[in-house]
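Visitor: Quick one, fold the following:
(one chain, ligands or ions: 1)
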Amino acid sequence: MGHRGQMHWTDVFPYLGEAEIEMLQFVKTTQPFVQHTFRKAIVILPRKNQSTMKPLIYIFCFMALFSSCANSQVVGESLTQFGQLLRNRRSIRDYTGEPISRDTLQRIVSAGGFAPSSYGQNPVEFVVVEDKSKLADIARSKRIGAPSVRAGSAAIVVIADTSKGELWVEDASVAAGYILLAAEECGIGACWNQIRDRAGQHLSASDEIKAILGIPSRYEVLCVVSLGHKAENKPPRTEREQNVQQRTHFERF
Ligand SMILES: Cc1cc2nc3c(=O)[nH]c(=O)nc-3n(C[C@H](O)[C@H](O)[C@H](O)COP(=O)(O)O)c2cc1C
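Guide: Down below sits the predicted model:
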């Protein structure tokens, strides 16, 4: 077992060689949607006969890579890693409950810090929450609820210092978008939970979250990004390929 209960391939598949472990690692990092399947497989596989395992692992890896190539063919071009990432990102609301490593959380939240901001004022800040009872309180602070926040292993509360600029909504939205993409790149499921202009139980959802987390009054909460290891696999939305073209206008509408 690795840091904070993370599995290492060698713990799970001690009978695989270095090249085979590298293949698994490659499939896992390039095809984040298979990560949950691997996690499930990890529970079942080691109990089976080793001689049947190796071919199954090979078949699984080739299928994952083939499905990725097939997806690229849909748009008739070979996609860059970023293009594939854009297509793979979906709102994921069901999580396994496994903790997210501190390194991964750090990578995800720091992506938000690289977002551009109006006049370079950087009014956006982030509160990372892992405490389960705080996650439940935050979920409850939105009157209609935020079930994915309660279900998540962590959440990033995206806030902005409103004294630093009138365009804080835009600034914080760009940062939240970066966070969603960074989560996908790390193979972590994420979902935007709207907080700005949403009612809470007594106050606004934003004010209730500020009270829970001790956030000063000059800040506003834009959204809470729930995070967790994926317990649902959503395919890329292939219909968007065409839809994006229909919504794009060159030179004039
Ligand atoms: C501004 C904004 C607000 C959203 N608010 C919520 C929300 O409060 N709760 C939720 O579960 N999803 C929320 N979402 C996620 C959308 O429902 C989701 O992006 C949309 O259905 C498209 O699905 P996809 O992200 O899987 O492509 C929000 C997304 C955006 C961009």
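Visitor: Show the end-to-end separation of stretch 160-176, please.
Guide: One end of stretch 160-176 to the other measures 11 Å (Cα to Cα, to the nearest Å).
Visitor: Run through who's touching it.
Guide: If you take Cβ atoms under 8 Å, 6 or more residues apart in numbering as the criterion, stretch 160-176 is touched by 112-113, 115-119, 121-126, 158-159, 192, 196, 218-220, 222-223, 225. In this view, the C-beta of every residue, glycine as well, is placed from N, C-alpha and C.
Visitor: so which of those also contact the ligand?
Guide: W192 (Cβ under 6 Å from any ligand atom).
Visitor: Going through the contacts of stretch 160-176, which ones are buried?
Guide: By the neighbour-count criterion of 16 or more other Cβ atoms under 10 Å, the contacts of stretch 160-176 include these buried positions: 112, 115, 117, 122-126, 158-159, 192, 196, 219-220, 222-223, 225.
Visitor: Next step: those residues restricted to helices.
Guide: The members of those that map onto helices under DSSP state H are G112.
Visitor: that older thread, filter the contacts of stretch 160-176 down to the ones in strands?
Guide: V124, E125, F126, V158, I159, W192, Y219, E220, L222, C223, V225 (DSSP state E).
Visitor: Quick check: the farthest pair among those residues?
Guide: Spanning the widest gap among these are W192 and Y219, at 18.3 Å by Cβ to Cβ.
Visitor: thought Y15 was touching K54?
Guide: Yes. At 7.4 Å, Y15 counts as touching K54 under the criterion of Cβ atoms under 8 Å.
Visitor: So which residues of this structure form helices?
Guide: For the chain, the helices defined by DSSP H cover 9-12, 18-30, 35-44, 50-74, 81-88, 102-113, 132-140, 147-151, 168-185, 205-213, 239-246.
Visitor: which one of those helices lies closest to N233?
Guide: Comparing the helices of the chain by Cβ to Cβ, helix 35-44 comes nearest, at 6.0 Å.
Visitor: Could I get the average pLDDT for that closest one?
Guide: The predicted model gives helix 35-44 an average pLDDT of 63.
Visitor: now swap in stretch 164-171 and tell me
Guide: 96.
Visitor: and if you look at stretch 81-88?
Guide: Across stretch 81-88, the per-residue pLDDT values average to 94.
Visitor: Is any residue of it near the ligand?
Guide: No. Using Cβ under 6 Å from any ligand atom, stretch 81-88 stays clear of the ligand, with a minimum separation of 9.8 Å.
Visitor: Restricting to C-alpha, output that stretch in PDB.
Guide: Extracted C-alpha coordinates of stretch 81-88, given in PDB (Å, rounded to 0.1, in the frame of the first residue of the first chain):
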ATOM      1  CA  GLN A  81      -4.100  14.700 -25.100                       C
ATOM      2  CA  PHE A  82      -5.800  18.000 -24.300                       C
ATOM      3  CA  GLY A  83      -8.500  17.400 -26.900                       C
ATOM      4  CA  GLN A  84      -9.100  14.000 -25.500                       C
ATOM      5  CA  LEU A  85      -9.200  15.500 -22.000                       C
ATOM      6  CA  LEU A  86     -11.800  18.000 -23.000                       C
ATOM      7  CA  ARG A  87     -14.000  15.300 -24.400                       C
ATOM      8  CA  ASN A  88     -13.500  12.900 -21.500                       C
END
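Visitor: what comes up buried for that stretch?
Guide: So stretch 81-88, judged by 16+ other Cβ under 10 Å, has buried residues Q84, R87, N88.
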